[in-house]
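>>> When you get a sec, could you give me coordinates for this:
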Amino acid sequence: MSTTMNPTSADFAALFEGSAAAAAMQEGQVIPATVLRIDNDAIVVDIGLKTEGRIPVKEFALEEKQPAPGDLIDVYLDRIENALGEAVLSRDKARREERWIKLEKSFTKGEPVKGAISGRVKGGFTVDLGGVNAFLPGSQVDIRPVRDVGPLMGEIQPFAILKLDRVRGNIVVSRRAILEESRAEQRAEIVSDMAEGDIRKGIVKNITDYGAFVDLGGIDGLLHVTDMSYKRINHPSQVVEVGQEVRVQIIKINPETQRISLGMKQLGSDPWDNISSRYPTGARLKGTVTNITDYGAFVELEDGVEGLIHVSEMSWTKKNVHPGKILSTSQEVDVEVLDVDSDKRRISLGLKQTMDNPWNAFLAENPVGTVIEGEVRGITEFGLFVGLGPDLDGMVHINDISWDKPGDQAIEAFTKGDKVRAKVLDVDIDKERISLGIKQVSGDPIEAASDAGAKRGSTVTCTVTEVTSGGIEVEFGTPPVKSFIRRSDLSRDRADQRPERFAVGDKVDAKVISVDRATRRVSLSIKALEIAEEAEAVAQYGSADAGASLGDILGAALASSKSRAKPAAGSDADVDDRGRLDGPQGEADDLKKLKGLGPAFEKKLNEAGVYHFWQIVQMSDEQIAELEEQLGIAGRFARDGWKDQAADLA
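Model prediction:
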């Protein structure tokens, strides 16, 4: 430029070019610069402005070729002019910008980039990609977890860019993706040389809960825990260990995922071959408990062969109990083979079958009909459960508790802990049930009454137990049978059909009208007895065809009896050594004067030769006991006071 005050056109041109170049430059850009000179600590460059720029020499330390005066280099324009009037330039930032551009191109094309792990941060590591720092997550370091990353630090190696955000300066890379890609190529080549069924040698590299990974020479195969041995294995470490050389067979190769499944047990013979012939149904064996579950216990019969004892086959008596309370692991037990399914590789075993069936033992010791004693262990709405030992219970149905009370009323008389006597009614071994009866112990009162002569048409002596407006409730026999005499059956005469003329405890004679064993009802009638006695009198003293009235007949009978002389009390006329007579002496019906002695018993006494109360007075206690035994009324004379009444009358 001219030094005069009047610039030339050339000066104007130079000024214009300079201003245009300056206008084209913007801070934050990479621009070309010419090296002017190299000082001790800086390199001076010309960027085409009126000022020069200085760049520290240390920023060129990583350059393969150091710059020389006249060289053209790229620099980063931080500021066009600082306080000293110099441009602020940076070679490091220029290289970083260049690197970002290259990284964006590599990310777009999916190409790997070179870098080195430079440090550790939370969740992973930092990677230097030639001046640009990237984040390497811990899960992306290797295919499998790496415990020590030290050998990888500072080593230049390829990385794949997973994410790139230049605005935020964020880059995420992966070393694992590079390894998987190279591994996939190697796997494809190695797998092509393998076939299912091949037997190979390998080294155990890693052990997990579900198996072990075996290195087959550049490719890993999974040896699952179920393919290690035919016997039960809780953990793979029981069979193999890391670094161990093993012989395995290739079971399956997945062509899509190139995953290889291996097996060790396939190299040996299958213990399940011909299993049915070696373990026939019903065979009794010894085994060892290997595992206990909620539904049963597994028992090892031999190496590789296990059977299951279901919880229902463990005990005859213990129901709904966890198998762990009956058996324990490593326990040796006797079992019986219940079923063998060779296709499903299952053997069903029974433990209780090797023990005595307690229902069989109970039936052998207590046949049906045996009376046993036990404690009430439970009360339900349908019956009582009676303990028959430490493990057995019998059930008394509510219909088998009492003969004369409804079941719901009879069961109220019992509480837990009561001691009861019951009869064995039935033992169902298949259903494991024992049926008991409490009422059967005392016998059926209806049957007992029938056996004692209380049949239809017979006469029984009853005791009044309750008086109601509709009649009287009575009981008779041993054990007592309850019955009800209706008001209309209390007497032949309507005037005497009054229940209130009876009192609780009175003895009355009645005739058995009917016996219904199905409904367990005995119908009695005093009226029917009076009619029967009247008919007997008619038959004895007259005939209905003679035209005589009932009064005439009875009158004639009475006159006949009065015509006989009555012996004085204490007389032994016609009385044998037992105090018996062949016939009545004098008044034939004076036994009616004894209270509680009804027509039926009077008839029985007449048949036994006793017609008068004075005979009873003369009898000794031995003779009376003999008479009672003959009539089946032991203790009746003393209980009803007949002898005392006879003495008072005498």
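
>>> my guess is Q623 is in a helix, correct?
Yes. Following the definition DSSP: H, G, I helix; E, B strand; the rest coil, Q623 is counted among the residues of a helix.

>>> In this structure it contacts G579, no?
Yes. With contact defined as Cβ atoms under 8 Å, Q623 reaches G579; the gap is 5.3 Å. C-beta here means a position set from N, CA and C on the backbone, and glycine is covered the same way.

>>> between these two, who's got more neighbours?
When neighbours are counted by other Cβ atoms under 10 Å, G579 comes out ahead of the other of Q623 and G579, with 20 against 16.

>>> Spatially nearest residue to that one (excluding sequence neighbours)?
Setting aside the residues directly before and after it, G579 is nearest to M619 in space (Cβ to Cβ, 6 or more residues apart in numbering), at 4.3 Å.

>>> Run a quick neighbour tally on the one you found.
Close neighbours of M619, defined as other Cβ under 10 Å, add up to 20.

>>> just the helices in the stretch 151-300 of the chain please.
When secondary structure is read from DSSP state H, counting those that start in this stretch, the stretch 151-300 of the chain shows helices at 176-191, 275-278.

>>> The ones you listed into CSV, with extra columns for mean neighbour count and distance to L529?
Formatted as CSV, the entries for the helices of the stretch 151-300 of the chain read as follows, by neighbours: other Cβ atoms under 10 Å; distance: least, Cβ to Cβ, whole Å:
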stretch, mean neighbour count, distance to L529
helix 176-191, 14, 111
helix 275-278, 14, 80
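
>>> got the ones you listed as JSON lines, with distance to K163 and mean pLDDT columns?
Below are the helices of the stretch 151-300 of the chain laid out as JSON lines (distance: least, Cβ to Cβ, whole Å; pLDDT from 0 to 100):
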{"stretch": "helix 176-191", "distance to K163": "12", "mean pLDDT": "78"}
{"stretch": "helix 275-278", "distance to K163": "58", "mean pLDDT": "85"}
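
>>> Just put those in CSV and tack on distance to I372.
Rendered in CSV, the data for the helices of the stretch 151-300 of the chain read as follows (distance: least, Cβ to Cβ, whole Å):
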stretch, distance to I372
helix 176-191, 77
helix 275-278, 45
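
>>> Q258: which of these is closest?
Go through the helices of the stretch 151-300 of the chain one by one with Cβ to Cβ and the one that ends up closest to Q258 is helix 176-191, at 4.8 Å.

>>> For the closest one, name the packing helices and strands.
Taking 3 or more Cβ pairs under 8 Å, 6 or more residues apart in numbering; DSSP states H and E as contact, the helices and strands that helix 176-191 lies on are strand 156-165.

>>> let's go with 10 Å and repeat that
strand 156-165, strand 260-263 (3 or more Cβ pairs under 10 Å, 6 or more residues apart in numbering; DSSP states H and E).

>>> Point out the most buried one among these.
Ranked by average neighbour count under the criterion mean count of other Cβ atoms under 10 Å, those are headed by strand 260-263 at a mean of 22.

>>> Show the average pLDDT along that strand.
The average pLDDT within strand 260-263 is 90.

>>> from what I can see K325 touches D294, true?
No. K325 is beyond contact range of D294, at 11.8 Å (criterion: Cβ atoms under 10 Å).

>>> These two: who's more crowded?
In this view K325 and D294 are compared by other Cβ under 10 Å, and K325 has more residues nearby, 11 against 8.

>>> what about the nearest residue to that one once chain neighbours are set aside, is that helix, strand or coil?
In space, and not counting its chain neighbours, K325 is closest to K318: 7.9 Å by Cβ to Cβ, 6+ apart. When the structure is split into helix, strand and coil by three-state DSSP, K318 lands in coil.
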